[in-house]
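Student: the sequence and its predicted three-dimensional model are supplied below.
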Amino acid sequence: MNIKPLGANVSLMAPNARHIGFEPAQAAPSDFLEALSQSIRQGMDETNGDQLRSEQLNLQMATAPDSVNVHDVMIASEKAQMSLDLTRNVLQKAVAAYQALTNLR
């Protein structure tokens, strides 16, 4: 096995691409906070997109009921609700983790 240290992280990899579980070594992100904020921003954008799609289908259902399937409206509504709940839970856990770290004094 090859051991390639990257700062405080040590990644282990199989020496040959034909071995099971072979994955090329990945470098740690140069700026962890930037990568984290980018992934959080992407998740928030997806949640916002789900909310907007649900709102659009609900409006279309109210103005032209024959142009949209009621199942599509309900699926979009539930997807938006689940996405919002997941985002809210992740945010609450992140805030709780931050508070726990700041109270370690």
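Tutor: Happy to help now that I have it. Numbering: from 1, shown residues only.

Student: just the element for the residue nearest to the spatial centre of the chain, please.
Tutor: The residue lying closest to the centre of the chain (C-alpha atoms, centre = their mean) is Gly43, at 4.7 Å. Using DSSP states H and E, Gly43 maps to helix 32-63.

Student: tell me what angle the helix or strand just after that helix forms with helix 32-63.
Tutor: Later in the chain than helix 32-63, the nearest helix or strand by DSSP H and E is helix 70-102. With axes from the mean of the first three to the mean of the last three C-alpha atoms, to 10 degrees applied, the angle from helix 70-102 to helix 32-63 works out at 150 degrees.

Student: does anything pack onto helix 70-102? Which helices or strands?
Tutor: Applying 3 or more C-beta pairs under 8 Å, 6 or more residues apart in numbering; DSSP states H and E, one finds that helix 70-102 contacts helix 32-63. C-betas here are computed from N, CA, C, even on glycine.

Student: where does pLDDT dip in this protein?
Tutor: Applying pLDDT under 70 to the chain picks out residues 1-29, 105.

Student: follow-up on the earlier one: what's the helix holding Gly43 packed up against?
Tutor: Judged by 3+ C-beta pairs under 8 Å, 6+ apart, the packing partners of helix 32-63 are helix 70-102.

Student: is the residue nearest to the centre of the chain in contact with Arg88, as I believe?
Tutor: No. Applying C-beta atoms under 8 Å, one finds Gly43 not in contact with Arg88, separated by 11.6 Å.

Student: ok, back up a step: distance check, the residue nearest to the centre of the chain against Gln60.
Tutor: 26 Å (C-beta to C-beta, to the nearest Å).

Student: quick one, domains of the chain?
Tutor: Listed by automatic domain parsing, the domain ranges of the chain are 1-29, 31-102.

Student: ends of the last one, what's the gap?
Tutor: This means domain 31-102. With C-alpha to C-alpha, to the nearest Å as the measure, the ends of domain 31-102 fall 22 Å from one another.

Student: also stretch 63-76?
Tutor: This stretch, stretch 63-76, spans 17 Å end to end (C-alpha to C-alpha).

Student: for that stretch, give me every contacting residue.
Tutor: Outside stretch 63-76, the residues that touch it by C-beta atoms under 8 Å, 6 or more residues apart in numbering are 50, 53-54, 57-58, 60-61.
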